[in-house]
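Participant: Return a 3D structure for these sequence lines:
(one chain, ligands or ions: 1)
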Amino acid sequence: MNENIANIKVLITGGAGFIGSNLCEHFISKGYKVVCLDNLSTGFKSNLDEIINHPNFTYIEGDIRDLNTCKEAIAGCHYVLHQAAMGSVPRSINDPITTNEVNIDGFLNMLVAARDEGVKRFVYAASSSTYGDSKKLPKIEDKIGRPLSPYAITKYVNELYANVFAKTYGMQCIGLRYFNVFGKRQTPDGAYAAVIPLWVKSLINHQSPYINGDGYYSRDFTYIDNVIHANEQAMLQSTEEIYKQRETYYNIDVAKGERLSIDSSHFSEVFNVAFGGNTTLNQLFETLRSNLAKHDPAIADIDVVYRDKRPGDIPHSQASIFKAKTILDYNPQYSAEEGFEKACEWYFKNINK
Ligand SMILES: NC(=O)c1ccc[n+]([C@@H]2O[C@H](COP(=O)([O-])OP(=O)(O)OC[C@H]3O[C@@H](n4cnc5c(N)ncnc54)[C@H](O)[C@@H]3O)[C@@H](O)[C@H]2O)c1
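Facilitator: Numbers count the residues shown, from 1 in each chain. So this is what the prediction gives:
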């Protein structure tokens, strides 16, 4: 094992959640020391079953809304991968206050704790929801619209805070705007379950899933392993390389007269994290059904039920991943289709019927 890695300590907030638990598992497998901070509001301690007793793993049950908890968790850490948040657009519409408290106050606590600890880099989960009502496709990082939900506001405010902390306190901050992430351990349960685990669970139980609208809306579904790779690149890409590649990236914009200023050793950047493809909901349903039917042929006969589209849903979302490719050397290995197959296999073995 690399001697350096064994001395690097990473704080993963929201580490008992879907994305966070996959990150914890990955960084433990690579030999890092990992601290997980989670209040189990939407995550599960069982997501950590395979690593909970690992000597390099520390689990702290606590809330990011409490600054002292954040400070205790971050003590001795070199990097932060901040995932803790109240996810889900509908949840934020039903309960904007809790979403705001966790996603903005909690985020600010984490930034303050990271500043005081002097961490090397603060990497955080941003969101494609920041593109709001912008109709431009593919989505490019510096062209956003107006937010369409309280959740989207909180994720945008995170980016604004990260910018100010980078400039004011000399921090290095990287926001990763995830696009519809899916994969093992994403929960199918609860009122705010994401579309893939929800549909997979319905199909495994021989029930028809619902499509809101006519099924022609499309998304850039992103397999979890691509997200792990993006976090690793964001954490480890050298400052020198980031500076060099930023020059290359923004020089392209210089031609269009849009160059941003680049100065000293601190920075704040956001990157789309996606595969860069698009899958309609109808295609998603067909693919999930045929993948699951390999395990249970009766699933092939289940049809989808169409109902009214949800207000506020944007028709299409597709990322340009050029910026992350150029600056972070992000190279996603799994297409959505490859990811669907892997996720279906996992759910078939693990889901409670
Ligand atoms: N899943 C996606 O498609 C997607 C897309 C864009 C952005 N994101 C962002 O990625 C991050 C992880 O999302 P996820 O899909 O894994 O969701 P998740 O709900 O599975 O994980 C979030 C974790 O944060 C924890 N948490 C919530 N509030 C907390 C608090 N106050 N203190 C400590 N821990 C707290 C939860 O218990 C949970 O374990 C979130 O910031 C989310 O907004 C996710």
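
Participant: Show me which residues of the protein sit near the ligand.
Facilitator: Contact residues (CB under 6 Å from any ligand atom) of the chain with the ligand: 14, 16-20, 37-43, 63-65, 83-87, 102, 106, 125, 127, 178, 180-181. All C-beta atoms are positioned from the backbone trio N, CA, C, and that covers glycine.

Participant: The same query, at a cut-off of 5 Å, please.
Facilitator: Listed as neighbours of the ligand in the chain under the rule CB under 5 Å from any ligand atom: 14, 16-19, 38-39, 41-43, 63-64, 83-85, 87, 102, 125, 127, 178, 181.

Participant: Which of those residues fall in strands?
Facilitator: Using DSSP state E, the members of the residues of the chain next to the ligand that fall within strands are 38, 125, 127, 178, 181.

Participant: how about CSV for those residues, with distance to Val112, pLDDT and neighbour count added?
Facilitator: Below are these laid out as CSV (distance: CB to CB, whole Å; pLDDT from 0 to 100; neighbours: other CB atoms under 10 Å):
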residue, distance to Val112, pLDDT, neighbour count
Asp38, 19, 99, 29
Ala125, 18, 98, 28
Ser127, 22, 98, 23
Tyr178, 24, 98, 25
Val181, 27, 98, 23
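
Participant: how deep is the closest residue to Cys24 other than its chain neighbours tucked in, by neighbour count?
Facilitator: Ranked by CB to CB, 6 or more residues apart in numbering and with sequence neighbours excluded, the top spatial neighbour of Cys24 is Gly15, at 4.6 Å. Using other CB atoms under 10 Å, Gly15 has 32 neighbouring residues.

Participant: for Ile314, same thing?
Facilitator: Counted with other CB under 10 Å, Ile314 comes out at 16.

Participant: Which strand or helix spans it?
Facilitator: Assigned by DSSP states H and E, Ile314 belongs to no helix or strand.

Participant: measure stretch 227-246 end to end?
Facilitator: 21 Å (CA to CA, to the nearest Å).

Participant: Can you list the buried residues in it?
Facilitator: 227-235, 237, 242, 245-246 (16 or more other CB atoms under 10 Å).

Participant: Distance from the chain centre to that stretch, please.
Facilitator: 16 Å (CA atoms, centre = their mean, to the nearest Å).

Participant: Just give the closest residue to Gly132, not the sequence neighbours.
Facilitator: Gly145 (3.8 Å).

Participant: List the residues that contact the one you found.
Facilitator: 131-135 (CB atoms under 8 Å, 6 or more residues apart in numbering).

Participant: Buried among those? Need that as a selection in PyMOL.
Facilitator: In PyMOL, a selection of the buried entries from the contacts of Gly145 looks like this (16+ other CB under 10 Å):
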select buried, resi 131+132
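
Participant: which one of the contacts of Gly145 sits closest to the ligand?
Facilitator: The closest of the contacts of Gly145 to the ligand turns out to be Tyr131 (CB to the nearest ligand atom; 11.4 Å).

Participant: how about the closest one, what does it touch?
Facilitator: Contacts for Tyr131 were tallied using CB under 8 Å, 6+ apart; they are 139, 144-145, 314, 317.

Participant: Next, count neighbours for the closest residue to it other than its chain neighbours.
Facilitator: Using CB to CB, 6+ apart and skipping residues adjacent in sequence, the residue nearest Tyr131 is Lys139, 4.9 Å away. Counted by other CB under 10 Å, the residues lying close to Lys139 total 23.

Participant: likewise Pro197?
Facilitator: 22.

Participant: re the thing from before, can you tell me which of the contacts of Tyr131 is nearest the ligand?
Facilitator: Taking the contacts of Tyr131 together and measuring to the ligand by CB to the nearest ligand atom, the closest member is Ser317, at 10.6 Å.

Participant: Ramachandran coordinates for that closest one?
Facilitator: Dihedral pair for Ser317: phi -140, psi 120, per degrees, to the nearest 10.

Participant: What of Pro197?
Facilitator: Note on Pro197: its backbone torsions stand at phi -60, psi -30 [degrees, to the nearest 10].

Participant: Below-threshold pLDDT in the chain: ranges please.
Facilitator: In the predicted model, the chain carries pLDDT under 70 at residues 1-3, 252-264, 352-353.

Participant: Taking the centroid of it, which residue is nearest it?
Facilitator: Closest to where the C-alpha atoms of the chain average out (CA atoms, centre = their mean) is Tyr178, at 4.4 Å.

Participant: Which residue lies closest in space to that residue, excluding its sequence neighbours?
Facilitator: Going by CB to CB, 6+ apart, Tyr178 has Val273 as its nearest residue, at 5.1 Å.
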